[in-house]
Structure formats: C-alpha cells, structure tokens
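Novice: here is the input, now give the coordinates:
(one chain, ligands or ions: 1)
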Amino acid sequence: MKTAIVFYSLSGNSRYAAEKMGLRLHADLIPLTPKKAYPDSGFKKFFWGGKSALMGDKPQLESYDFDQSAYDTIILGGPVWAGTFPPPLRTFVEDNRAVLGEKRLAAFFCCSGGPGKVLEKFKAFLAPGRLQHEMILIDPKDKPSDETESRIDTFCDGLL
Ligand SMILES: Cc1cc2nc3c(=O)[nH]c(=O)nc-3n(C[C@H](O)[C@H](O)[C@H](O)COP(=O)(O)O)c2cc1C
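Specialist: Have a look, this model is predicted:
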C-alpha cells in the first residue's frame, strides 16, 4: 500500500514540501487545481484568497486522479490562508470524506510565520482524532533552512 500527498499550492511552497516528501516516502502527488484560479500576485492575491478561506468556500476543482483503494495513508497539505486551511483542501475533503475515514491521515501547512489556529480548524473540519501526524512549515521554498529540511524528514520518518 502506498501514500498519496494531496496538496494545493498557489506559489510553490507547499508543492516544494510535497515533492520532497514524495521522494522520501515514494508517495504519489495529487495536486489540486481550482477551476477558477486564485489571483497569484498583488493585493488581489491576499484579498480573494483570504476572503474565500474565511467564507469557507468550496471551489470546484479540475478533475484529479485519485485511486482511493491504492493508498493506506493520505497526507493533506497546503498554505495557511487567513489563519485557516485553503479552500481547495475543503473541497477535496468534502468530496472524499467517506474514503478518508478509512485511511491514516496526516497534514502539513505552509505559512509565512503566523499559522494561527490552522491545525485546530483543520482537525475539527476533518473530525476530531483523525489526524495522526501534523507539521507546520515556514515558506520552505522561499525561505529555505536546515531546520525546515529536518522537520520534513522527521515528519516523513513518522509515517514510515
Ligand atoms: C490569501 C493568503 C493568505 C495568507 N494568510 C496567511 C496567514 O494567515 N498566516 C501566514 O503566516 N501566512 C499567510 N499567507 C502566506 C502563505 O501561507 C505562505 O507564504 C505559504 O508558504 C504559501 O504557500 P504556497 O506557496 O504553497 O501557496 C497567506 C498567503 C495568501 C496568498
């Protein structure tokens, strides 16, 4: 059985972490792509993304390849937006809630230094007690550091 890393990334930090974990865990990567892309620069980037996260939006996603029976572990990840998890992850969890209930679950979130209550919010959304491993990273692509690399390694080791 395998691990799937299901993630959303607007500017590449979550993708960076997902790719690194993918290599270490021999996991499949499943990127989520909203049908209507979020703005990725300027004021609009923070305004629309932040508003969408705070409103609890569930944006429609481009179809993705997720062979539910192939995985025993699912890692869910993405950026912190306005102190919470990003809307594409909300859509994915809602659309796959039943099957996620049968899997070992882990999550990671990338932020620029203020994670807020993202883990508490995500855990409550998933269902209390479901998340077995968790990690917060600070802009792993934009602000690389040895500490970040070792946190990713430790997170992966906990899943082996
Ligand atoms: C709409 C929006 C809201 C954000 N809100 C937060 C926040 O509340 N706290 C924080 O530390 N970083 C926040 N950030 C920064 C991102 O979480 C951070 O840069 C993250 O590493 C980006 O991941 P990505 O490159 O995978 O999209 C926000 C970024 C955007 C675009």
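
Novice: what's the helix or strand for the closest residue to the ligand within the chain?
Specialist: As assessed by CB to the nearest ligand atom, the ligand sits closest to Gly49 within the chain, at 2.7 Å. Where you see a C-beta, it was placed from the backbone N, CA and C, and this is true even at glycine. Per DSSP states H and E: Gly49 is located in helix 42-54.

Novice: can you give me the buried ones in that helix?
Specialist: Neighbour-count burial for helix 42-54, counted by 16 or more other CB atoms under 10 Å, picks out Gly49, Ser52, Ala53.

Novice: repeat that for stretch 152-160.
Specialist: For stretch 152-160, by 16+ other CB under 10 Å, it's Ile152, Phe155, Cys156, Leu159.

Novice: got the residue ranges for the strands in this structure?
Specialist: Per DSSP state E, the chain carries strands over the ranges 2-7, 28-31, 71-79, 104-111, 131-138.

Novice: make TSV out of these and add mean pLDDT, mean neighbour count and distance to Leu119.
Specialist: Output for the strands of the chain, formatted as TSV (pLDDT from 0 to 100; neighbours: other CB atoms under 10 Å; distance: least, CB to CB, whole Å):
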stretch	mean pLDDT	mean neighbour count	distance to Leu119
strand 2-7	98	23	16
strand 28-31	98	17	21
strand 71-79	98	23	12
strand 104-111	98	22	7
strand 131-138	97	18	6
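
Novice: the residue nearest to Lys36 when sequence neighbours are not counted: neighbour count?
Specialist: Spatial nearest neighbour of Lys36, excluding adjacent residues (CB to CB, 6 or more residues apart in numbering): Pro59 at 6.5 Å. By other CB atoms under 10 Å, the residues close to Pro59 number 18.

Novice: burial measure for the residue nearest to Ser11 when sequence neighbours are not counted, as a count.
Specialist: Leaving out its chain neighbours, the residue that sits closest to Ser11 by CB to CB, 6+ apart is Asp40, at 6.3 Å. Neighbours of Asp40 under the rule other CB under 10 Å: 11.

Novice: from Glu62, how far out is Asp40?
Specialist: Distance of Asp40 to Glu62, given as CB to CB, to the nearest Å: 16 Å.

Novice: Cys111 now?
Specialist: 25 Å.

Novice: ramachandran angles for Glu102?
Specialist: phi -100, psi 0 (degrees, to the nearest 10).
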